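Peer 1: What follows is a predicted protein model with its sequence.
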Amino acid sequence: MLLSDFIYYLDLLGTFVFAISGVLLAVEKRFDVVGAFIIGFVTALGGGTTRDILIGASPVAWMQDLNYLFCIPVAMLCTYLFYDQILKLRRSLFLFDAIGIGIFTILGIQKVLSLGLSPIIALIMGIVSAVFGGIVRDVLTNEVPLIFRKEIYASACLIGGLSFLLLSKTALSPALITFMAVILVIFIRILAVRNKWETPFRPKGSQGL
Amino acid sequence: MLLSDFIYYLDLLGTFVFAISGVLLAVEKRFDVVGAFIIGFVTALGGGTTRDILIGASPVAWMQDLNYLFCIPVAMLCTYLFYDQILKLRRSLFLFDAIGIGIFTILGIQKVLSLGLSPIIALIMGIVSAVFGGIVRDVLTNEVPLIFRKEIYASACLIGGLSFLLLSKTALSPALITFMAVILVIFIRILAVRNKWETPFRPKGSQGL
Amino acid sequence: MLLSDFIYYLDLLGTFVFAISGVLLAVEKRFDVVGAFIIGFVTALGGGTTRDILIGASPVAWMQDLNYLFCIPVAMLCTYLFYDQILKLRRSLFLFDAIGIGIFTILGIQKVLSLGLSPIIALIMGIVSAVFGGIVRDVLTNEVPLIFRKEIYASACLIGGLSFLLLSKTALSPALITFMAVILVIFIRILAVRNKWETPFRPKGSQGL
């Protein structure tokens, strides 16, 4: 009970922080109020929406709990009031973002498993939950999605999600496993950014490109 | 009965005019026949399709009434035959476009309400019905969606849709409320373009960008 | 039985070859492992996924037969090991691509017809199955989709699909009709590339653009 509440609020926090990062981008691009809302929205809720559409869970999750939706205007208000402070906080924001993808990945996997789909589909859909919001945001703002080129990001979700699935076969309590897997995603992501880990895909013969 | 017929034909008119605007863009970008069809299609039917996918109404609406689909080749034929005249008509086209978003917004809200979803979701889905076709069109043609930066557009849908929801709580007839809300969207949109209304989102401290 | 097996393996082959073409693009764009997987995935499975979402078939097809999913890592491995050879094979790859769109178009039409939707919707969804993977790939890599401007591609699917629907009204066996329609798409596509057929959409008065 306590853990599920804790996860719920972390989930909202992840949504909120993703929304902030979308709204900051909208400010940089000089979008108007509507543009800022849309970009905040797709960054925060685009991943879970894509997952729900693909697995046929309808209507999509944020239509059933309006708190997720309310994260967007709250993020816009905070950005409007505390723009300078938030910019200074960017380092911590990256930490919140890491928390966000950790929560989104594992909760996404649990949701898909609960619908009776196979673990490998659940794993992929968990990663989609975590990373597709950023991809849609980049597509809408006419950028090549960052995730295609830089840093361990989806890979952190992959390793954390895989660990979650493996640990699920042990006798450990579901709550503990959830918690450990979320922490693992966050931990890998932080290490990856600190150490500038990359995972290039360079077949031999492609060096001259 | 008469009003519902009137709305149905206005809806087809909106679809047709949106298709024309997509096809005109395809001509400018020198797309071929297939490209012109796809761009006309997503501009005219992309918004309603996105709404139907998100709320889980399947198959999507244009699969159930082929008249909507037929608007696209008719728009292509008209553009082919009357290209010069249509370019001169652009001012009136903007008027048709305003009619289109008015109709799409209110009909979208009604459809979502009829599925038992909450008014706030219905409001958002009404706006999605009206504006997402243009967003997908801009994404496919590799432009940053115009709606993110210029003019009252989604805002007109928002105010009209909100008025519709508020008026629904009064004793006025549904037909009259529908009609008034559609007119309101059109009216705001026309005023916004005439007066170059904008809704910038500029937190303090972001001016130097 | 034999034909359905043959088609199944051709379908997997089409998926595999589409995945290869996506992964090759990822190498050119210097994406990392995750980026290469995502681009390979959307190129190979994006068309069928879009079709399934639009017609409301959920969960989407590749969630129900993991062999389709496995085509992506296999394509990545082959590209990694045999990059130089695959580049030399590009001419034959185009042939495989033609086979792919032929199979995807006709199988897509059959799937939609089997759900009781009208032939014209089935035809459009067949074309979507064949071409939308490439469109999503181009959108994600920030290119204007090639299909909007060059060569007979969707048109080959259109003619093949139309022939399939017309032949279905004859007494010919379904297997034979399927086979003939697939071959027709492939044949038209090859002729189109050989002869540089184009289908420009240029209304009179648009020449000065």
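Peer 2: Alright, I've got the coordinates.
Peer 1: What residue in chain A comes nearest to chain C?
Peer 2: As assessed by C-beta to the nearest C-beta, chain C sits closest to A:G56 within chain A, at 2.3 Å. No exception for glycine: its C-beta is placed from N, CA and C like everyone else's.
Peer 1: so that residue touches C:M63, yeah?
Peer 2: No - with contact defined as C-beta atoms under 8 Å, A:G56 does not count as touching C:M63 (9.1 Å).
Peer 1: Of these two, which one has the most company?
Peer 2: C:M63 (23 against 18; other C-beta atoms under 10 Å in any protein chain shown).
Peer 1: Grab the nearest non-local neighbour of that one.
Peer 2: In this structure, C:M63 finds its nearest non-sequential neighbour in A:I121, 4.9 Å apart by C-beta to C-beta, 6 or more residues apart in numbering or on different chains.
Peer 1: how about that neighbour, what does it touch?
Peer 2: A:55, A:112, C:59, C:63, C:66 (C-beta atoms under 8 Å, 6 or more residues apart in numbering or on different chains).
Peer 1: If any of the residues you listed are buried, give me the PyMOL selection for them.
Peer 2: In PyMOL, this line selects whichever of those come out buried by 16 or more other C-beta atoms under 10 Å in any protein chain shown:
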select buried, (chain A and resi 55+112) or (chain C and resi 59+63)
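Peer 1: I'd like the contacts of A:I121 laid out as CSV, including secondary structure.
Peer 2: Listed next are the contacts of A:I121 as CSV, based on DSSP: H, G, I helix; E, B strand; the rest coil:
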residue, secondary structure
A:I55, helix
A:V112, helix
C:P59, coil
C:M63, helix
C:L66, helix
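Peer 1: Could you tell me which residues of chain A lie near chain B?
Peer 2: Neighbours of chain B within chain A, by C-beta under 8 Å from any C-beta of the partner chain: A:26-36, A:38-39, A:49, A:53, A:56, A:58-60, A:63, A:66, A:69, A:76, A:79-81, A:83-84, A:87, A:139-142.
Peer 1: now with 7 Å?
Peer 2: A:26-28, A:30-36, A:38, A:53, A:58-60, A:63, A:66, A:79-80, A:83-84, A:139-142 (C-beta under 7 Å from any C-beta of the partner chain).
Peer 1: Tell me where the longest helix sits in chain A.
Peer 2: helix A:2-28 (DSSP state H).
Peer 1: Same question for that one: list its buried residues.
Peer 2: Under 16+ other C-beta under 10 Å, the buried positions of helix A:2-28 are A:7, A:10-12, A:14-27.
Peer 1: Report the closest residue of chain A relative to chain B.
Peer 2: Closest point on chain A to chain B, by C-beta to the nearest C-beta, is A:S58, at 2.3 Å.
Peer 1: for that residue, helix, strand, or coil?
Peer 2: coil.
Peer 1: Quickly note the distance from the residue lying closest to it once chain neighbours are set aside to B:A122.
Peer 2: Nearest residue to A:S58 in three dimensions, chain neighbours excluded: B:G56, at 2.3 Å (C-beta to C-beta, 6+ apart). B:G56 is 14 Å from B:A122, where distance means C-beta to C-beta, to the nearest Å.
Peer 1: do A:Y8 as well
Peer 2: When A:Y8 is compared with B:A122 (using C-beta to C-beta), they lie 25 Å apart.
Peer 1: just A:V42 next, same as before
Peer 2: 20 Å.
Peer 1: cool, and A:T199?
Peer 2: 44 Å.
Peer 1: quick one: which of the two has more around it?
Peer 2: B:A122 (24 against 16).
Peer 1: thinking A:A98 is in contact with A:R189, fair?
Peer 2: Yes - with contact defined as C-beta atoms under 7 Å, A:A98 counts as touching A:R189 (4.2 Å).
Peer 1: Quick one: name the residues of chain A near chain C.
Peer 2: Counting by C-beta under 7 Å from any C-beta, the residues of chain A near chain C are A:53-56, A:117, A:120-121, A:139, A:142-145, A:147-149, A:154-155, A:198-201, A:203-206, A:209.
Peer 1: Let's see that with 6 Å instead.
Peer 2: Within chain A, the residues that sit near chain C (C-beta under 6 Å from any C-beta of the partner chain) are A:53-56, A:121, A:144, A:148-149, A:154, A:199-201, A:203, A:205-206, A:209.
Peer 1: most neighbours, which of the residues you listed?
Peer 2: A:A154 (27 neighbours).
Peer 1: Is that one in contact with A:S129, as I believe?
Peer 2: No - at 11.2 Å, A:A154 does not count as touching A:S129 under the criterion of C-beta atoms under 6 Å.
Peer 1: What are the phi and psi values at A:T141?
Peer 2: Main-chain torsions, A:T141, degrees, to the nearest 10: phi -100, psi 10.
Peer 1: what's the burial count for it?
Peer 2: Neighbour count of A:T141, defined by other C-beta under 10 Å: 21.
Peer 1: Who are the contact partners of it?
Peer 2: Each residue near A:T141 by C-beta atoms under 6 Å, 6 or more residues apart in numbering or on different chains is listed here: A:K29.
Peer 1: Test my guess that A:R189 contacts A:F96.
Peer 2: No - A:R189 sits out of contact with A:F96 when judged by C-beta under 6 Å, with a separation of 11.4 Å.
Peer 1: the more surrounded of these two?
Peer 2: The neighbour count for A:R189 versus A:F96, taken as other C-beta under 10 Å, is higher for A:R189 (26 against 17).
Peer 1: and the nearest residue to A:T43 once chain neighbours are set aside, what is it in contact with?
Peer 2: Nearest non-adjacent residue to A:T43, counting by C-beta to C-beta, 6+ apart: A:G22, 3.1 Å away. Each residue near A:G22 by C-beta under 6 Å, 6+ apart is listed here: A:39-40, A:43, A:137.
Peer 1: Now stretch A:177-190: buried residues?
Peer 2: So, applying 16+ other C-beta under 10 Å, buried residues of stretch A:177-190: A:177-178, A:181-182, A:184-186, A:188-189.
Peer 1: Can you tell me which of the residues you listed end up in strands?
Peer 2: Among those, no member is found in strands (DSSP state E).
Peer 1: Count residues in the vicinity of A:G102, would you?
Peer 2: 26.
Peer 1: So it sits against A:F187, correct?
Peer 2: No - using C-beta under 6 Å, A:G102 is not in contact with A:F187, being 8.7 Å away.
Peer 1: name the element the residue nearest to C:M63 belongs to?
Peer 2: In this structure, A:I121 sits in helix A:119-140 according to DSSP states H and E.
Peer 1: chain center to that helix, what's the gap?
Peer 2: 8 Å (C-alpha atoms, centre = their mean, to the nearest Å).
Peer 1: next one: stretch A:59-76
Peer 2: On C-alpha atoms, centre = their mean, the centre of stretch A:59-76 falls 15 Å from the chain's centre.
Peer 1: low-scoring pLDDT stretches of chain A, where are they?
Peer 2: A:1-3, A:149-151, A:207-209 (pLDDT under 70).
Peer 1: Where do the helices of it begin and end?
Peer 2: Using DSSP H, helices in chain A cover A:2-28, A:33-55, A:66-81, A:83-88, A:90-114, A:119-140, A:154-167, A:174-195.
Peer 1: hmm, who's touching the third one?
Peer 2: Taking contacts as C-beta under 6 Å, 6+ apart, the residues outside helix A:66-81 that touch it are A:15-16, A:19-20, A:23, A:36, A:40-41, A:62, B:203.
Peer 1: how distant is that helix from the center of its chain?
Peer 2: Worked out by C-alpha atoms, centre = their mean, helix A:66-81 lies 17 Å from the chain centre.
Peer 1: All good on my end, thank you.
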